[in-house]
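In: Okay, here's the prediction I keep looking at, along with the sequence it came from:
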Amino acid sequence: MSDNVALCVDLDGTLIHSDLLLESFLLLIKDNPLYLLLVPFWLLGGKARLKREIASRVKLDGAALPYTKPLVAWLREQKAAGRQLWLCTASDESLAHAVADHLGFFDGVLASNGQTNLSGSNKAAALVAKFGEKGFDYCGNEKVDMRVWPHARGAIVVNASESLAADAARVTQVLGTYPFKAGGLKVVLKALRVHQWAKNALIFVPVAAAHLLGDTVVLGHALMAFVAFSLCASSVYLLNDMLDLAADRQHHSKCHRPFAAGTLSLLFGLLTAPLLLVAAVLISLCLPAKFLLVLTAYYVVTLAYSFSLKRMVMID
């Protein structure tokens, strides 16, 4: 027998192991980094305006996203049983429709529209207006969903902590959970590609060739240079992987990279990449000026590679 209560599903972090605002932002700057200059002005109009401006300039491939597969399988079962499914998200409606069109089992979409950011209380109000108080079940994953669950008949807690499930149980009936186990430090080290730091050991070759390994000052400088290059390289690796999400997800092995697989937050990458670069520059300031010039040249070339040179076959 089918359940006549609508099943409403959050998108970011719930239906997918990612965030469409960050995904679309990365698509935007990959297409043209100069858009970065416009982002603050768009944000002045509110978060919904920002999402609309970005979404209107990118094309999202609904198939190239890290879906929460157990949840998707269950949703298909619910749809087959005759249940009404709605995608309810704070992402811009154009991106939400791309996801809904790809999956093909949603009866409708409620999303941010350029004026209203459909999150938290706004989402709760929209769902109550559409389905009535306690007239829907809701799948969510974040603390902000605690503003929705008190108005829902039941909660499905996805990709969230046990504490959030316990909080949800205090305001409504928890009908199910889909826990997600992140990889922790191992995943972070994989994203930083720490194993690639071995290449930078070449810095010690001239020191050894000059028989200066016993000189603590020279060796100390070489060690600092090694760390600076390694941090700079990891910064580039993070940025490169975030810009190549769609391509990596279609690759047989690169699809397992942390950002592509959704096992590491894009927000982590967007915050960590510049921090690593700043750390590398600060270390470089303790070394001769020529080293900073070399490090800058390395970063500029690898940045150019990430944005365009890799798409030129002969240069690649």
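Out: Yep, it's here. Numbers count the residues shown, from 1 in each chain.
In: Now the element after whichever helix or strand Ala222 is part of, going C-ward?
Out: Taking DSSP states H and E as the criterion, Ala222 maps to helix 216-243. Going down the chain from helix 216-243, the next helix or strand is helix 245-249, by DSSP H and E.
In: Give me the distance between that following helix and the centre of its chain.
Out: 12 Å (C-alpha atoms, centre = their mean, to the nearest Å).
In: got a list of contacts for the next helix-or-strand element following it?
Out: Next helix or strand after helix 245-249 toward the C-terminus (DSSP H and E): helix 258-261. Here helix 258-261 makes contact (C-beta atoms under 8 Å, 6 or more residues apart in numbering) with 17, 66, 183, 187-188, 190-191, 241-242, 244-245, 248-249, 254-255, 264, 266, 269. Where C-beta positions appear, they are placed from N, C-alpha and C, glycine not excepted.
In: CA atoms only for the helix or strand following helix 258-261 - export them in CSV, please.
Out: Toward the C-terminus, helix 258-261 is succeeded by helix 266-284 as the next helix or strand (DSSP H and E). Provided in CSV are the C-alpha atoms of helix 266-284 (Å, rounded to 0.1, in the frame of the first residue of the first chain):
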residue,chain,number,x,y,z
LEU,A,266,34.6,21.3,-1.1
LEU,A,267,34.5,24.0,1.6
PHE,A,268,37.5,22.3,3.1
GLY,A,269,39.4,22.6,-0.2
LEU,A,270,38.3,26.2,-0.8
LEU,A,271,39.6,27.2,2.7
THR,A,272,42.7,25.0,2.8
ALA,A,273,44.1,25.7,-0.6
PRO,A,274,44.8,29.5,0.0
LEU,A,275,46.0,28.8,3.6
LEU,A,276,48.6,26.3,2.3
LEU,A,277,49.7,28.9,-0.2
VAL,A,278,50.1,31.6,2.4
ALA,A,279,52.1,29.2,4.6
ALA,A,280,54.4,28.4,1.7
VAL,A,281,55.0,32.1,1.0
LEU,A,282,55.6,32.9,4.7
ILE,A,283,58.3,30.2,4.8
SER,A,284,59.8,31.5,1.6
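In: Let's see whichever helix or strand comes after helix 266-284 as PDB, backbone CA atoms only.
Out: Taking DSSP H and E as the definition, the helix or strand that follows helix 266-284 towards the C-terminus is helix 289-307. Taking Å, rounded to 0.1, in the frame of the first residue of the first chain, the C-alpha atoms of helix 289-307 are listed here in PDB:
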ATOM      1  CA  ALA A 289      64.500  36.300  -2.500                       C
ATOM      2  CA  LYS A 290      65.300  34.200  -5.500                       C
ATOM      3  CA  PHE A 291      63.600  31.200  -4.000                       C
ATOM      4  CA  LEU A 292      60.300  33.100  -3.700                       C
ATOM      5  CA  LEU A 293      60.600  34.000  -7.400                       C
ATOM      6  CA  VAL A 294      61.100  30.300  -8.200                       C
ATOM      7  CA  LEU A 295      58.100  29.300  -6.100                       C
ATOM      8  CA  THR A 296      56.000  32.000  -7.600                       C
ATOM      9  CA  ALA A 297      56.900  30.900 -11.100                       C
ATOM     10  CA  TYR A 298      56.000  27.300 -10.200                       C
ATOM     11  CA  TYR A 299      52.600  28.300  -8.800                       C
ATOM     12  CA  VAL A 300      51.800  30.500 -11.800                       C
ATOM     13  CA  VAL A 301      52.700  27.700 -14.300                       C
ATOM     14  CA  THR A 302      50.700  25.100 -12.400                       C
ATOM     15  CA  LEU A 303      47.800  27.400 -12.000                       C
ATOM     16  CA  ALA A 304      47.800  28.100 -15.700                       C
ATOM     17  CA  TYR A 305      47.900  24.400 -16.300                       C
ATOM     18  CA  SER A 306      44.900  23.800 -14.000                       C
ATOM     19  CA  PHE A 307      42.800  26.500 -15.800                       C
END
